[in-house]
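Chemist: Sequence first, predicted model second:
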Amino acid sequence: MADANNILMGAASIELNGTDIGFTQGGTTVRSAIESVEVPADQQAAIVRKGVSMRRMYVTFGVLEISLDFMAVAYSLPSSQVVGGTQLTLGYADSCWVPSHSLTLVGPAPGCGTRTWTFPNCNVLTDTEYAMTRENASVLETEFEVISDANGNFGTVVDIVA
């Protein structure tokens, strides 16, 4: 039976590597993508089986409080590129692995509770946009890809009922 108490509204707070990133704009999106392999058979004009070949998860949000430290993360730069908290050197000529980060999202859950998403291993995905306009506050749009552990798990979602 339908229950209006299960309808959720409200923004998520976000922690990156254990630190609250502050105000965001445009919401936070957790997206799951599944790629599959289709198996056709000569005896049928249809797909007879489908298997999962890849699972991916993504977290996207826009940051309003754009520190140089967050910009370094968003541009996939090491923290050593931030000097004295006042200068970020853009670009990095090293062939090391993409830096890994943890994300924790805390938002509303049914029954006025709290839903916590925990992703221990994330990488900045690709393009990052930093919009500066006369009409609006600057927003740094960032997308992270969640990397699975050795068992194929991306993280957890826990509801705490009030």
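Modeler: Everything's here; your move. Residues are numbered from 1 along each chain as shown.

Chemist: so residue 87 bridges to which residues?
Modeler: Beta-bridge pairing for residue 87 (DSSP bridges): residue 83.

Chemist: My guess is it contacts residue 71. True?
Modeler: No. The pair residue 87 / residue 71 is not scored as a contact, 11.0 Å apart, by Cβ atoms under 8 Å. Every residue, glycine included, has its C-beta placed from N, CA and C.

Chemist: which of these two has more neighbours?
Modeler: In this comparison of residue 87 against residue 71, neighbours counted by other Cβ atoms under 10 Å, the higher total goes to residue 71 at 19 against 9.

Chemist: Do a quick rundown of the helices in this structure.
Modeler: Secondary structure of the chain (DSSP state H): helices located at 68-74.

Chemist: For residue 21, the count of nearby residues, please.
Modeler: Under the neighbour criterion other Cβ under 10 Å, residue 21 is assigned a count of 22.

Chemist: same deal with residue 118?
Modeler: Applying the criterion other Cβ under 10 Å, we find 15 residues in the vicinity of residue 118.

Chemist: so it touches residue 104, yeah?
Modeler: Yes. Residue 118 is in contact with residue 104 according to Cβ under 8 Å; the separation is 5.3 Å.

Chemist: Dig out what the residue nearest to the spatial centre of the chain forms beta bridges with.
Modeler: In the chain, the residue lying closest to the centroid (Cα atoms, centre = their mean) is residue 59, at 2.0 Å. Per DSSP bridges, residues listed as beta-bridge partners of residue 59: residue 30, residue 144.

Chemist: confidence score at it?
Modeler: Model confidence at residue 59, expressed as pLDDT, equals 97.

Chemist: pLDDT below threshold where in the chain?
Modeler: The model of the chain has pLDDT under 70 over residues 95.

Chemist: Please report the distance of the residue located most distally from the centre of it from residue 49.
Modeler: Of all residues in the chain, residue 43 has its C-alpha farthest from the mean position, at 43.3 Å, by Cα atoms, centre = their mean. Residue 43 sits 13 Å away from residue 49, taking Cβ to Cβ, to the nearest Å as the criterion.

Chemist: repeat for residue 36
Modeler: According to Cβ to Cβ, residue 36 and residue 49 sit 10 Å apart.

Chemist: more neighbours, these two?
Modeler: Between residue 36 and residue 49, counted using other Cβ under 10 Å, residue 36 has the larger neighbour count: 13 against 10.
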